[in-house]
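Q: Structure here, sequence nowhere to be found:
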């Protein structure tokens, strides 16, 4: 055998062993998530450190360095071996000194600092591999700020911290890498990642897509409306917009293109719809549980507050697709294949409906979200064995679900571990309060300007990150500013969540658009721009519920106030969409488009005089719709 063939054989054997070992640690993480959700936290220190270490091993083993550059594979392997040693050494050393550390009488040595630096470097590098450069860069900037902040301009200067003091906080405490976000993710969120993997394994996702196709078959948007429907339902269980884009998009985007829409539009619809799953109750991509922990507000109240705005977001997507189809002259194809819903699909849908009912029931009963996720997962498994013959006949499906859940959990854990670095630095330096004061000093008492600055900061801070770490960083930096504006806590945090979600479709990073682009066959940047157009109303909705808290149906809401706000938002949604696209049952002229856009924006302004003026303008603009309704009635009226 030649040396080259021997090298290739050795590499394949090594990679197989590596993949098997990574799958094994992923299953360990999945089992741990189920155990913690069902039977509670066994030891806080072991749970936090152990979860991050196992997650780091999973990412290291399943995401090798230079995997796309074969010539550097052995160098990448060497780096990975060094990282493996760093992770294990840092974990063992932490466990070794933990008891003395918690006593408060421990003096740090240069060895402690060195080993802590090794562990921190490994976690940050693995977060870069798992979710890309943005969070990695933000974490490095935070560390640089902690170590050299005394040399910065006065507005953001601090007294300065030594390397020892910084490592003590970000690595050897529960205020950094192993802080509250890791605790919440391990205790509450990982079980929902497992739940989503179980639903995917039993075939619920495919059944859900077929039901969505059938439900929207007679709409003008056809498969584009089906993509919105399916992504909204399944996306609420997924903590990753990108995973949702890839999971449902491989089916929906080709169908949208065949229906007559452009490739760019197909990718944009899927990106915008998948993003919205993170703001749709009951699960909200698990970010609701983080919010409940951060704010101290019960989860049920948060989910209830998020319901109406999320419905308006999806209504805006449906309206945009219908208007776009009309403008492009796209109609339901007469020869479009009819999707047949079988009895099996109905049974598989019970694997979605019953577990969701279990989650809601457990939460309404006052139990923890973790218990709800645990019993939802158990019920999903039982239903899967009963109603899904492939799941019953092929045990490897369950094994694959466990591995997939573990891998997704590992990515989330290393991400929030890196976020912990930023949190630790923020707590050390008080940068969040400084940022809040800067926003307030620029905006003065102008709430709209303060919200505008906050939105811009949220979109920048959230770019390139999954929803949970994006929300954590945003609320950490912008939370004090939002609180000082006099906004309710729920409205302030939902404001942050919306822009954390929408940052994944906002150029230039736009992770969701970049995931959709190779599937739909369009340039990523164009997909991102189109996504923002489709989701334009989503960028406006947070302003509306800040000024009109009635939409959040929380304490003190009145029926009249809610109805008035909902009416204005509904009219504004339609007017803005038709005005932007220039179509309302027929093409619109420039003056009509300007009138509709002005009326739409005016309806969203909370002042009474401007709202009444906008209603008058809207009534003039909506004459076209009235004439269309009259024509339709005249045609259908029996002779």
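A: Received it, and whenever you're ready, just let me know what you need. Since this is a predicted model, take the numbers as computed values, not measurements. Numbering: from 1, shown residues only.
Q: Give me the nearest residue to the most centrally placed residue in the chain, chain neighbours excluded.
A: For the chain, residue 467 is the residue whose C-alpha lies nearest the centre (C-alpha atoms, centre = their mean; 3.3 Å). Of all residues not flanking residue 467 in the chain, residue 278 sits nearest, at 4.6 Å (C-beta to C-beta, 6 or more residues apart in numbering). Quick note: C-beta positions are derived from backbone N, CA and C, even for glycine.
Q: Can you give me the neighbour number for that neighbour?
A: Neighbour count of residue 278, defined by other C-beta atoms under 10 Å: 31.
Q: wouldn't it be in contact with residue 291 here?
A: No: applying C-beta atoms under 8 Å as the test, residue 278 and residue 291 come out as separate, 11.6 Å apart.
Q: ok, now how distant is residue 221 from residue 323?
A: Between residue 221 and residue 323 the computed distance is 9 Å (C-beta to C-beta, to the nearest Å).
Q: Neighbour count for those two, which is higher?
A: Neighbours per residue, other C-beta under 10 Å: of residue 221 and residue 323, the larger number sits with residue 221, 26 against 22.
Q: Test for you: state the pLDDT assigned to the residue lying closest to the more buried one once chain neighbours are set aside.
A: Counting by C-beta to C-beta, 6+ apart, residue 221 lies nearest to residue 321, which is 3.9 Å off, once chain neighbours are set aside. Here the pLDDT value assigned to residue 321 is 90.
Q: contacting residues around residue 143?
A: By C-beta atoms under 8 Å, 6 or more residues apart in numbering, the contact set of residue 143 is 166, 170, 421, 425.
Q: nope, residue 30 is what I was after
A: Taking C-beta under 8 Å, 6+ apart, we find residue 30 in contact with 194, 197, 402-403, 405-406, 409.
Q: That one and residue 482, how far apart?
A: 36 Å.
Q: Can you tell me how far residue 224 is from residue 162?
A: Look at residue 224 and residue 162: by C-beta to C-beta, they are 57 Å apart.
Q: quick one, which of these two is more surrounded?
A: A count of neighbours by other C-beta under 10 Å puts residue 224 above the other of residue 224 and residue 162, at 34 against 11.
Q: Just name the shakiest helix or strand of this structure by mean pLDDT.
A: Lowest by mean pLDDT, DSSP states H and E among the helices and strands of the chain is helix 623-636, with a mean of 63.
Q: Was I right to think the residue nearest to the centre of the chain contacts residue 288?
A: No: counting by C-beta under 8 Å, residue 467 stays clear of residue 288, with 10.6 Å between them.
Q: Could you pull up the mean pLDDT of the longest helix anywhere in the chain?
A: If you go by DSSP state H, the chain has its longest helix at helix 3-39. Across helix 3-39, pLDDT averages out at 84.
Q: Give the other helices and strands that whatever helix or strand comes next after it contacts.
A: Using DSSP states H and E, the helix or strand that follows helix 3-39 in sequence is helix 44-62. The helices and strands touching helix 44-62, judged by 3 or more C-beta pairs under 8 Å, 6 or more residues apart in numbering; DSSP states H and E, are helix 3-39, helix 73-103, helix 110-131, helix 180-184, helix 396-429.
Q: Can you give me every residue that contacts the residue nearest to residue 625 when sequence neighbours are not counted?
A: Excluding the flanking residues, the one nearest residue 625 by C-beta to C-beta, 6+ apart is residue 584, at 6.3 Å. Residue 584 makes contacts with 323, 578, 596, 624-625, as judged by C-beta under 8 Å, 6+ apart.
Q: Residue 461 contacts residue 469, doesn't it?
A: No: with contacts counted by C-beta under 8 Å, residue 461 stays clear of residue 469, the gap being 10.1 Å.
Q: which of the two has more neighbours?
A: Neighbours per residue, other C-beta under 10 Å: of residue 461 and residue 469, the larger number sits with residue 469, 29 against 24.
Q: can you pull the pLDDT of that one?
A: Looking at residue 469, its pLDDT is 80.
Q: Using the three-state scheme, assign it.
A: helix (DSSP: H, G, I helix; E, B strand; the rest coil).
Q: my guess is it meets residue 135, correct?
A: Yes: Residue 469 lies in contact with residue 135 (C-beta under 8 Å); the separation is 6.2 Å.
Q: so what sits against both of the two?
A: Here residue 469 and residue 135 have 415, 418-419 as joint contacts, going by C-beta under 8 Å, 6+ apart.
Q: how about a markdown table for the residues you listed, with pLDDT added?
A: Formatted as a markdown table, the shared contacts of residue 469 and residue 135 follow (pLDDT from 0 to 100):
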| residue | pLDDT |
| --- | --- |
| 415 | 87 |
| 418 | 89 |
| 419 | 85 |
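Q: which element is the residue nearest to residue 221 on?
A: helix 299-328.
Q: Tell me which two in the contacts of residue 143 are the farthest apart.
A: For these, the farthest-apart pair by C-beta to C-beta is 166 and 421; their separation is 9.5 Å.
Q: and these two? which has more neighbours close in?
A: residue 421 (27 against 23).
Q: ok, now which ones touch that one?
A: Contact analysis of residue 421 by C-beta under 8 Å, 6+ apart lists 120, 124, 139, 142-143, 170, 176-177.
Q: Relative to residue 498, how far out is it?
A: According to C-beta to C-beta, residue 421 and residue 498 sit 25 Å apart.
Q: and what of residue 376?
A: For residue 376 relative to residue 498 (C-beta to C-beta), the value is 26 Å.
Q: show me where pLDDT drops low in this protein?
A: 1-7, 67-70, 235-240, 285, 331-340, 464, 555-556, 608, 626-639 (pLDDT under 70).
Q: Can you give me the domain assignment for it?
A: Residue ranges for each domain of the chain read 19-182, 558-639, as given by automatic domain parsing.
Q: closest to residue 388 out of those?
A: Counting by C-beta to C-beta, residue 388 lies closest to domain 19-182 out of the domains of the chain; the figure is 19.3 Å.
Q: tally of neighbours for the closest residue to residue 162 other than its chain neighbours?
A: Spatial nearest neighbour of residue 162, chain neighbours left out: residue 147 (7.9 Å); criterion: C-beta to C-beta, 6+ apart. Counted with other C-beta under 10 Å, residues neighbouring residue 147 total 16.
Q: Just list the residues touching residue 579, thanks.
A: 588, 592-597, 600.
Q: How much space separates it from residue 597?
A: With distances taken as C-beta to C-beta, residue 579 is found 4 Å from residue 597.
Q: hang on, the earlier thing: if I look at residue 278 and residue 291, which residues touch both of them?
A: residue 497.
Q: From residue 252, how far off is the residue nearest to residue 221?
A: Note on residue 321: its distance to residue 252, by C-beta to C-beta, is 12 Å.
Q: Overlap of the contact sets of those two?
A: Joint contacts of residue 321 and residue 252 (C-beta under 8 Å, 6+ apart) are 224, 269.
Q: In terms of helix, strand or coil, where does residue 220 fall?
A: When classified by three-state DSSP, residue 220 comes out as coil.
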